[in-house]
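Trainee: here is a sequence with its predicted model. Questions after.
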Amino acid sequence: MLYGRRPTSTLSILKDFWTKGIPVPIGQLKSVKNYLNDLKIKLQLAAEQADDKVVVLAPDSTHKMYGRWTSCTIVEKRRAHSYLVQMRDNSVKHIHTNKIRKLNIQTNNTGVIYETDIDFGDIENTSVTKHTPTKETYIKKHLISSRLNSD
């Protein structure tokens, strides 16, 4: 038992469907073929490619529990779950996927160009339009259609 109840897994749920006669919710689930195709596409998109920026959990001292995330670059994919990664000191290490995360760089800076600046050439001004949503678009955006009754 785990926290006062039996843990459930996918196989135990499937066993309950087969042995206890629980009806399978048809129409709400994807077929296995569609699910696997979608999963394959998502995994291919998520896989790191060469020259991608990543963060690597690298040891920072001799203690095995101390480690820091450092930004690195992927050199090449070695196997299905390991990569050659170029570290900050230009050394190349063979690292498993579990210690690699994709680096999402977020910038909070905004560049301002003044009219007196001539280094940038002719710059067109962008018109600002204020968009006010209609009641219908607000309802579509904020309400879930499955919660609405068709009565």
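Mentor: Thanks, I have the structure now.

Trainee: could you pull out the helices for this protein?
Mentor: According to DSSP state H, the chain carries its helices in the segments 10-19, 32-46, 135-142.

Trainee: would you reformat these as CSV and include mean neighbour count and mean pLDDT?
Mentor: From N, CA and C alone the C-beta is placed, and that goes for glycine too. Listed next are these as CSV, based on neighbours: other C-beta atoms under 10 Å; pLDDT from 0 to 100:
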stretch, mean neighbour count, mean pLDDT
helix 10-19, 10, 79
helix 32-46, 10, 78
helix 135-142, 10, 66
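
Trainee: let's have those helices in TSV, adding distance to T62.
Mentor: Converted to TSV, the helices of the chain look like this (distance: least, C-beta to C-beta, whole Å):
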stretch	distance to T62
helix 10-19	41
helix 32-46	33
helix 135-142	54
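
Trainee: of those helices, which is nearest H94?
Mentor: Across those, the minimum distance to H94, taken as C-beta to C-beta, is reached by helix 32-46, at 20.5 Å.

Trainee: separation between L36 and K42?
Mentor: When distance is defined by C-beta to C-beta, to the nearest Å, L36 is 11 Å away from K42.

Trainee: how far away is the residue of the chain most remote from its centre from I41?
Mentor: Relative to the C-alpha centroid of the chain, counting by C-alpha atoms, centre = their mean, T116 is the outermost residue, at 42.4 Å. T116 is 50 Å from I41, where distance means C-beta to C-beta.

Trainee: which one of the helices of the chain lies closest to T107?
Mentor: In terms of C-beta to C-beta, the element of these nearest to T107 is helix 32-46, at 22.5 Å.

Trainee: distance check, M65 against L57.
Mentor: Using C-beta to C-beta, one obtains 11 Å as the distance from M65 to L57.
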